[in-house]
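Enquirer: following is a predicted model, sequence given first.
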Amino acid sequence: MNYIDNLDTYNGEPVHDGWVDCDNNENTGELSGLFEYTDLDKFIDNLHNRI
């Protein structure tokens with residue numbers, strides 16, 4: 001795996017920003033707003049509607 005710099009700030013690159021979220025979760029135990037339950041529920045409902 002490549003070393004990634006500046007894990008304390010987002011830079012707009014999806015892979016880097018994902019590592020920022022992962023690093024933040026490991027250090028603080030908090031999830032970013034990306035993982036809010038309401039968004040996940042909407043996503044799952046959308047998947048059920050496509051089946």
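Expert: Nice, thanks for sending it over.

Enquirer: what's around His16, how many residues?
Expert: 15 (other CB atoms under 10 Å). Every C-beta, even on glycine, is put in place using the N, C-alpha and C of the backbone.

Enquirer: next: Cys22.
Expert: With other CB under 10 Å as criterion, Cys22 counts 13.

Enquirer: could I have the helix or strand encompassing it exported to PDB, CA atoms only?
Expert: Per DSSP states H and E: Cys22 is located in helix 14-28. Presented in PDB, the C-alpha positions along helix 14-28 are these (Å, rounded to 0.1, in the frame of the first residue of the first chain):
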ATOM      1  CA  PRO A  14     -11.800  10.100  -3.300                       C
ATOM      2  CA  VAL A  15      -9.200   7.600  -2.200                       C
ATOM      3  CA  HIS A  16      -7.300  10.100  -0.100                       C
ATOM      4  CA  ASP A  17     -10.500  11.400   1.500                       C
ATOM      5  CA  GLY A  18     -11.600   7.800   2.400                       C
ATOM      6  CA  TRP A  19      -8.200   7.300   4.100                       C
ATOM      7  CA  VAL A  20      -8.800  10.500   6.000                       C
ATOM      8  CA  ASP A  21     -12.200   9.200   7.300                       C
ATOM      9  CA  CYS A  22     -10.600   5.900   8.200                       C
ATOM     10  CA  ASP A  23      -7.800   7.500  10.100                       C
ATOM     11  CA  ASN A  24     -10.100   9.800  11.900                       C
ATOM     12  CA  ASN A  25     -12.300   6.900  12.900                       C
ATOM     13  CA  GLU A  26      -9.300   4.900  14.300                       C
ATOM     14  CA  ASN A  27      -8.000   7.900  16.200                       C
ATOM     15  CA  THR A  28     -11.300   9.300  17.600                       C
END
